[in-house]
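Visitor: Predicted model and sequence follow; I will ask about them next.
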Amino acid sequence: MSFITTKDGTEIFYKDWGPKSAQPIVFHHGWPLSADDWDNQMLFFLAQGFRVIAHDRRGHGRSSQTSEGNEMDTYAADVAEMVEALDLLGAIHIGHSTGGGEVAHYVARAEPERVAKAVLLEAVPPVMVKKESNPGGTPIEAFDGYRAALAANRAQLYIDIPAGPFYGFNRPGAKVSEGLIRNWWRQGMMGSTKAHYECIKAFSETDFTEDLKKIEVPVLVIHSEDDQIVPYADAGPLSAKLLRNGTLRTYKNLPHGVAQTHPDIVNADLLAFIRDEELPANPEAASAMPAMG
């Protein structure tokens with residue numbers, strides 16, 4: 001297995017497939033998962049001739065279960081160290097959910113030659129928690145509930161989330177995949193309880209507004225109106241408006257874990273964006289338009 005060791009001694013696991021001379025795509029996973037959540041996308045883009053890279057965030061998957069550093073500043077710093085170690089230039093960074101926050105935080109600070117484009121997929125920016133400056137956010141009690149459930153019985157919580165709102169399997173007529181549920185549980189249980197507990201604060205309370213304003217590269221923001229984890233109205237449209245060069249792609253009835261339930265739709269949109277092509281028509285896409293800041 002491949003690891004880089006950060007300045008504080010943390011081992012970050014990563015996958016790195018494809019020609020080293022090809023354009024790199026870096027995938028950033030959500031809470032509390034791992035690089036394995038991107039299996040479909042990794043294989044798809046590898047077949048398209050790209051170099052594909054995905055890492056396990058510290059405290060997640062196969063990376064070190066550190067006591068400290070379970071917050072966005074350190075997550076982004078870890079990415080920067082990995083990018084430097086692999087000498088990635090002109091990369092596309094794609095982040096899902098918490099990984100989208102990590103992408104925003106990293107790209108806003110990255111050396112310009114390192115990043116070509118970015119994608120925020122059902123991502124947590126600008127900020128999730130409800131507060132005076134974010135009245136449409138999710139009440140803190142919801143995140144306190146996650147923390148309480150994790151502390152009480154993490155194994156059960158990691159069944160309940162994918163079996164219900166994450167993949168939309170609680171919707172009438174949903175085609176439930178037992179494999180996706182079990183794989184979500186497997187990935188979650190590989191990581192650190194402490195890191196996952198502390199990451200809830202990181203993904204819910206970090207305000208990425210200033211990060212989004214600083215990003216100059218093209219960014220595709222994909223979000224579904226039926227996302228039950230990161231509500232659409234307080235996320236995708238607001239992020240796209242804050243970006244200097246953002247495009248909002250709105251889905252109608254797809255779930256938070258759309259890259260796993262509908263990979264064909266997501267992969268096609270990602271590929272078109274990367275290639276500077278018009279995003280393809282599909283029945284689940286309500287709209288695709290440049291954001292007006």
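Guide: Received the coordinates, thanks. Treat the numbers as computed from the prediction; the structure is a model and nothing was measured.
Visitor: which residues of this protein fall in helices?
Guide: 39-47, 72-86, 98-107, 140-161, 178-190, 193-205, 209-214, 236-242, 258-261, 263-274 (DSSP state H).
Visitor: Next, the angle from the first one to helix 178-190.
Guide: Between the direction of helix 39-47 and that of helix 178-190, the angle (axes from the mean of the first three to the mean of the last three Cα atoms, to 10 degrees) works out to 100 degrees.
Visitor: Show me which residues of helix 39-47 are buried.
Guide: Within helix 39-47, the residues that qualify as buried by neighbour count (16 or more other Cβ atoms under 10 Å) are 39, 41-42, 44-46. Every residue, glycine included, has its C-beta placed from N, CA and C.
Visitor: Out of those, the closest to Lys130 would be?
Guide: In terms of Cβ to Cβ, no member of the buried residues of helix 39-47 lies closer to Lys130 than Gln41, at 31.7 Å.
Visitor: Please name the residues that touch that closest one.
Guide: 27, 52, 94, 259, 263, 266-267, 270 (Cβ atoms under 8 Å, 6 or more residues apart in numbering).
Visitor: right, and out of those residues, which lies closest to Val83?
Guide: Distances from Val83 to the contacts of Gln41, taken by Cβ to Cβ, are shortest for Phe27, at 12.9 Å.
Visitor: Could you double-check that the closest one sits in contact with Ala35?
Guide: Yes - Phe27 lies in contact with Ala35 (Cβ atoms under 8 Å); the separation is 7.0 Å.
Visitor: which residues in the stretch 1-150 of the chain form strands?
Guide: Using DSSP state E, counting those that start in this stretch, the strands found in the stretch 1-150 of the chain span residues 2-5, 11-17, 24-28, 51-55, 91-96, 115-121.
Visitor: Figure out which of those strands is closest to Ser64.
Guide: So among these, strand 11-17 is nearest, using Cβ to Cβ, at 4.7 Å.
Visitor: And the contacts of that closest one?
Guide: 1-6, 35, 42, 46, 51-58, 61-64, 78, 81-82, 86.
Visitor: neighbours of the closest residue to Pro112 other than its chain neighbours, just the number please.
Guide: Sequence neighbours aside, Glu216 is the residue nearest to Pro112 in space, at 7.9 Å (criterion: Cβ to Cβ, 6 or more residues apart in numbering). By other Cβ atoms under 10 Å, 12 other residues sit near Glu216.
Visitor: and if you look at the one 4 residues further on?
Guide: A count of neighbours around Leu220, defined by other Cβ under 10 Å, yields 24.
Visitor: From Leu88, how far off is it?
Guide: 19 Å (Cβ to Cβ, to the nearest Å).
Visitor: By average pLDDT, which secondary structure element in the protein comes out worst?
Guide: strand 285-290 (a mean of 57; mean pLDDT, DSSP states H and E).
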